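**Q** below are the sequence and a predicted model; questions follow.
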Amino acid sequence: KIFDPKTVLRATIETSRMSIDSTLLAPMRYSTGFMLGANPVGLFGPMTSNAFGHIGFSNIFCWADPQRDISVSILNSGKSVVGTHLPALGNLLYQISKNCDKVLTKDRRSVFGHDLAKIHAAH
């Protein structure tokens, strides 16, 4: 166990509504600790409103998606931020979430054994 579920909850509460990020020039949602996914499509693929993570320098992506019970790390060291690889990278992000089925809450690993959307709505 890396994080207590309460820590994950606190770090993933939305602090800004969807707006255009001035650096990425893309619609984004944020919490105090992470970039957040979105519906119908977000940074981490389709229907990822509960996903949370961050991108790093040169197209490095790391995120977790509690609804799919997955964590993902894509390390593209050496790729420029803008280039001909962007359509393939976008497709990869889309395919990961599209092809990883959502998991029932009762079947998720312990840190994801909570419905963060319902918990966030209650706070």
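**A** All right, it came through fine.
**Q** Leu92 belongs to a helix, doesn't it?
**A** Yes. Membership of Leu92 in a helix is supported by DSSP: H, G, I helix; E, B strand; the rest coil.
**Q** leaving out the residues flanking it, which one is nearest to it?
**A** Leaving aside its chain neighbours, Leu92 sits nearest to Ile74 (7.2 Å; criterion: C-beta to C-beta, 6 or more residues apart in numbering). Where you see a C-beta, it was placed from the backbone N, CA and C, and this is true even at glycine.
**Q** report the beta-bridge partners for that neighbour.
**A** For Ile74, the beta-bridge partners under DSSP bridges are Phe61.
**Q** contacts only, for it.
**A** 59-62, 89, 92-93 (C-beta atoms under 8 Å, 6 or more residues apart in numbering).
**Q** next, count neighbours for Arg17.
**A** 8 (other C-beta atoms under 10 Å).
**Q** quick check: it touching Arg29?
**A** Yes. Using C-beta atoms under 8 Å as the test, Arg17 is close enough to Arg29 to be in contact (6.9 Å).
**Q** whichever of the contacts of Ile74 end up buried, select them in PyMOL.
**A** To isolate the buried ones among the contacts of Ile74 in PyMOL, judged by 16 or more other C-beta atoms under 10 Å, type:
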select buried, resi 59+61+62+93
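**Q** good, we can wrap up now.
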